[in-house]
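K.L.:
With the sequence up front, the predicted model follows.
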Amino acid sequence: MTATHTQTPATRRAGAAEGDLERATGRRNRRTYLALLIPGLLGLLVSFVFPLAYMIRMSFNRGAPDGIIEETFTLDTYIQPLSDPYYWRVTLDTFQMGVTVGLLCILVSYPVALFLARSTSKYRGLLMAIAIAPLLTSAVVRTYGWMVILGTNGLVNSSLEGMGLIDTPLKLTNNMTGVTIGLVEIFMPYAILAMISGFGRLSPQLEEAAGSLGASKLQVFTRVTLPLSLPGILTAFLLVFVLSISTFITPRLLGGGSVQVLATEIYDQTTGLLNWPFAAALSVILLVLFGLIIAVYQRLTKKIGG
Amino acid sequence: MRVITKGKIALAAAATAAALVLTGCGGGTGSAGGGNSSATSGELNLIAYSGVWQDQYTAAVIEPFKAKYPDIKINYASKRSSAEMLSALQGQKNSPATDVAIMDNSVSTTGNTQGLFDKIDAAAVPNLANVPDKFKNKDGFGPVVMLDAVGLLYDTATFPKAPESWDVLWDPAYAGKINVNAPPSLLGLSLTAITSKMEGEDYTKSIDKAVARLKEMAPGVQTFAPNPDEYQNVITGQTVLGLGQNARGQFYSDQSNKKMGVTFPKEGTVYQINTVNIVKDAPNKAAAQTFVDYALSAEAQTAFAKALFYAPSVTNAELPADVKDRVVPTDGSLNIVPLDVEFLATARDKWTDTWKRQIITK
């Protein structure tokens, strides 16, 4: 009894001291964490938050012809594009392009990613490097490459003509077809990387188990492999979608002025017509609209991904 | 592991926002180079075109200038278009970092009205006396420094004889083999004015007829934004006809061993005129005047005409016959469709919109 009596406060004291110590260490740790965050936050502040805030403020100004910016607070720059069917069509085209490129990119990258994820070969590292090697070349250079390949006298058309399959060259560039082909290839390495990192739960044992329990190869794929690789696929789609809707170089170079998406529209307004407030408003619309779409998508995929 | 709570993030965001409010969102400006130069020494910040124009202007004008004034250091800021130059100058309005700008007169006129440029002091720029009145600015701002015009580019294998009319752009035989730079490019704006004139319309009142006609042409256009540029498209055989500037067209014609030619069709064409301008409150004004004077010298104008086939704007520049034949005539012998720069400033947005919505097809 006494022992308990004398011990309890001691234990309590010891416990309190331990709690103090933990709290103190915790505070110190927290301070360290925050201190460590500062360089990154400062970088973000200068390179992202400042320009973004400047752009948002700019979007409420009024743009007169020839680059005159009237400092004011107006919603005209938003009302104009939102009430104009032309900009809705451009937005829809941007969305469609993102979805198409995302789907096609998954389609062509999935087998590669699956192969790399399962490979036990000693060359796996090398194969992986080859798959992502295109990232070492700039997207501009690769887009120019596609212009040469897809052009009227390019590799594809001259080969098809040489084989007698076509009489007149196919229009593969200066339109959405060209832009889509270019973007799918350019974003493949991103899709492959995203999928491999999302294939965590995929395991050969599960497939073997399904096989030994009598599932056909197709069943193994549709019932085991595909569902387990779904998180990777969904992440890769989102990544490629986001990259596609914000990309400017490829639609500009391979679109030949006929492909109008939000990014090219923003470029024209900024550098050609010098209407910065309007360009800023379009950028904010792009940001908000697609931010919402992405938020909804992530909600949905969280449910699917479990 | 501790997690940074949402509250902390909100705190960081609030701090950021406060910092933003404190610093304000004023336009950033670069610091001016030089600032203590004289007429023959110091720095000079020039803003002008990029690419082949920059290469040729550097070789034909800037290098000889440097040889003549070895104590002046030239910093060349290159831009792809006059609009980009204007945008840069607007950004520096409160503390100019540029001394001289060479740009299209439709854009420099805007700069003049916006108070970005200074009037030229004839006493400090003696060669201004050699610029005929028609090429001087009526209010005394930067004068014309060189002239060119919109030409029709053609593949010499397809057209052994240069096409005579702009109508060839509508010929179904060449459908799918044409490149046309859509507005806001000056080439597309010029084609709009030319087509308007061909249709007997006053473009300052309406371009409806021109739009209807251009709509007929559009399905045959392979690209409205040729890459890498309008000249290479024709030279590489991607297209056989295109819109381009005469000066660069002549240059690339030589470069490509005459694979491409450039001509002025009979219905007329539009001048593309560059002016040389001194920026208001230029940090190196004296050196800027020295440079403008040199740019208006017969020596510089002849050298650049030989290099890139721009017509001189001064009366005392003597060109060799083979160069004279290839620069745009400025003596009234060429059929010119006048494109009023002040009108263009108001129409550029509308015409660009019209092309995007009505003319360009997918």
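P.N.:
Good, I have the coordinates.
K.L.:
ranges for the helices of chain A?
P.N.:
Assigned by DSSP state H, the helices in chain A fall at A:2-44, A:50-58, A:76-82, A:85-118, A:124-132, A:139-150, A:155-162, A:176-198, A:204-212, A:217-219, A:226-246, A:249-255, A:262-267, A:276-305.
K.L.:
I'd like these as TSV, with distance to residue B:326 and mean neighbour count appended.
P.N.:
C-betas here are computed from N, CA, C, even on glycine. Listed next are the helices of chain A as TSV, based on distance: least, C-beta to C-beta, whole Å; neighbours: other C-beta atoms under 10 Å in any protein chain shown:
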stretch	distance to residue B:326	mean neighbour count
helix A:2-44	53	11
helix A:50-58	45	17
helix A:76-82	45	16
helix A:85-118	42	18
helix A:124-132	50	13
helix A:139-150	30	17
helix A:155-162	34	14
helix A:176-198	35	23
helix A:204-212	72	13
helix A:217-219	70	11
helix A:226-246	44	21
helix A:249-255	31	24
helix A:262-267	34	21
helix A:276-305	39	16
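K.L.:
now the ones you listed as JSON lines including mean pLDDT and distance to residue B:82?
P.N.:
Shown next, in JSON lines, are the helices of chain A (pLDDT from 0 to 100; distance: least, C-beta to C-beta, whole Å):
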{"stretch": "helix A:2-44", "mean pLDDT": "72", "distance to residue B:82": "35"}
{"stretch": "helix A:50-58", "mean pLDDT": "95", "distance to residue B:82": "22"}
{"stretch": "helix A:76-82", "mean pLDDT": "93", "distance to residue B:82": "24"}
{"stretch": "helix A:85-118", "mean pLDDT": "94", "distance to residue B:82": "26"}
{"stretch": "helix A:124-132", "mean pLDDT": "90", "distance to residue B:82": "41"}
{"stretch": "helix A:139-150", "mean pLDDT": "92", "distance to residue B:82": "24"}
{"stretch": "helix A:155-162", "mean pLDDT": "92", "distance to residue B:82": "36"}
{"stretch": "helix A:176-198", "mean pLDDT": "94", "distance to residue B:82": "28"}
{"stretch": "helix A:204-212", "mean pLDDT": "86", "distance to residue B:82": "63"}
{"stretch": "helix A:217-219", "mean pLDDT": "89", "distance to residue B:82": "62"}
{"stretch": "helix A:226-246", "mean pLDDT": "92", "distance to residue B:82": "28"}
{"stretch": "helix A:249-255", "mean pLDDT": "93", "distance to residue B:82": "20"}
{"stretch": "helix A:262-267", "mean pLDDT": "93", "distance to residue B:82": "17"}
{"stretch": "helix A:276-305", "mean pLDDT": "88", "distance to residue B:82": "17"}
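K.L.:
May I have the phi/psi pair for residue B:310?
P.N.:
phi -90, psi 140 (degrees, to the nearest 10).
K.L.:
Spatially, what comes nearest to it if we skip its sequence neighbours?
P.N.:
Once flanking residues are discounted, residue B:310 sits nearest to residue B:146: 3.8 Å by C-beta to C-beta, 6 or more residues apart in numbering or on different chains.
K.L.:
I'd guess the one you found is in a helix, am I close?
P.N.:
No. Using DSSP: H, G, I helix; E, B strand; the rest coil, the secondary structure at residue B:146 is strand, not a helix.
K.L.:
That one: what's it in contact with?
P.N.:
Going by C-beta atoms under 8 Å, 6 or more residues apart in numbering or on different chains, residue B:146 touches B:273, B:274, B:301, B:304, B:305, B:310, B:311, B:312, B:313.
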